[in-house]
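model the following, please.
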Amino acid sequence: MSSPSPTPFAASALPVDAVELGRIQEAWGIKGWMRIHPHSTDTQALFASTQWFLQPPEARFARGFSAFGGCVSVAVADIKAHADGVVARFEGVDDRSAAESLKGVRIFVPRSVFPPTPEGEYYWVDLIGLDVVNREGEHMGVVRDLMSTGPNAVLVLEYTEDAVDGEPQTAERMIPFVSAYVDDVDRVARRITVDWQKDY
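Next comes the predicted model:
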């Protein structure tokens, strides 16, 4: 009697510092390769980690998904840039059918294994949630997202303002993430200081 094929996935707890970096889009070729959709244009952490943590697709995309349940870890056999994206292959995923079964899977990597950044450069994930104040000490908002505009990124801030009826409402402010406007990024204090005014 033959024994069952070993699974490429090992049940695992999601690391406490795990960051979602992308998801599997679709199979690529016939040898188990998959096209990866990174959440950021900065893909260093995906390339640097030889072990990824995977979770099933979000509920609205998970219909018919049965490759695994809960969180699993997997060994990355190979990864490379291709065209305008990234393709990867896992140990134990050797054909197109196995790769297709992983469509929509979410990819996580521990923040602790990210490669160090050069002085003055930051991973986008490290800026999300930081408070932003200007030189006068006025609170400008909290970084909700970053947006790439080609040559530089833009901080997308969320803040609360009074509406016409006096009720507070959430508003959005954008500040270019360039040295001309950003004085300091203090990750320990979770604060970014900018040369920017509320009425800009």
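
what's the helix or strand for residue 68?
Following DSSP states H and E, one finds residue 68 outside all helices and strands.

surely residue 92 and residue 68 touch.
No. Assessed by C-beta atoms under 8 Å, residue 92 is found out of contact with residue 68, at 11.8 Å. The C-beta positions use only the backbone N, C-alpha and C, and glycine is treated the same way.

and these two? which has more neighbours close in?
residue 68 (19 against 15; other C-beta atoms under 10 Å).

in the protein, which spans are helices?
44-48, 96-100, 124-127 (DSSP state H).

do you know which of those lies nearest residue 83?
If you check each of the helices of the chain against residue 83 by C-beta to C-beta, helix 44-48 wins as the nearest, at 15.8 Å.

the spatially most central residue of the chain: what's it in contact with?
Taking C-alpha atoms, centre = their mean, the centroid of the chain lies closest to residue 21, which sits 3.2 Å from it. Taking C-beta atoms under 8 Å, 6 or more residues apart in numbering, we find residue 21 in contact with 38-40, 43, 45-46, 107-109.

quick revisit: in CSV: the helices of the chain, plus distance to residue 192.
As requested, those are exported to CSV (distance: least, C-beta to C-beta, whole Å):
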stretch, distance to residue 192
helix 44-48, 21
helix 96-100, 40
helix 124-127, 7
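
buried subset of the contacts of residue 21, written for PyMOL?
Applying 16 or more other C-beta atoms under 10 Å to the contacts of residue 21 leaves a buried subset, and the PyMOL line that selects it is:
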select buried, resi 39+40+43+45+46+107+108+109
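
filter the contacts of residue 21 down to the ones in strands?
Those of the contacts of residue 21 mapping onto strands are 38, 107-109, per DSSP state E.

from the contacts of residue 21, which shows the smallest pLDDT?
Taken together, the contacts of residue 21 show their lowest pLDDT at residue 40, with 80.

so that one versus residue 28, what's the distance?
Distance of residue 40 to residue 28, computed by C-beta to C-beta, to the nearest Å: 20 Å.

again, but for residue 163
49 Å.

could you pull out the strands for this protein?
10-11, 18-27, 34-38, 51-55, 72-82, 85-90, 106-110, 131-134, 139-148, 153-162, 168-176, 182-186, 191-194.

now for the ones you listed, which one comes closest to residue 124?
strand 139-148 (4.8 Å).

contacting residues for the closest residue to residue 40 other than its chain neighbours?
Once flanking residues are discounted, residue 40 sits nearest to residue 124: 5.3 Å by C-beta to C-beta, 6 or more residues apart in numbering. For residue 124, the contacting residues are 40, 42, 146, 153, by C-beta under 8 Å, 6+ apart.

including distance to residue 200, could the strands of the chain go into TSV?
Formatted as TSV, these follow (distance: least, C-beta to C-beta, whole Å):
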stretch	distance to residue 200
strand 10-11	51
strand 18-27	31
strand 34-38	31
strand 51-55	40
strand 72-82	37
strand 85-90	35
strand 106-110	36
strand 131-134	10
strand 139-148	10
strand 153-162	12
strand 168-176	8
strand 182-186	14
strand 191-194	10
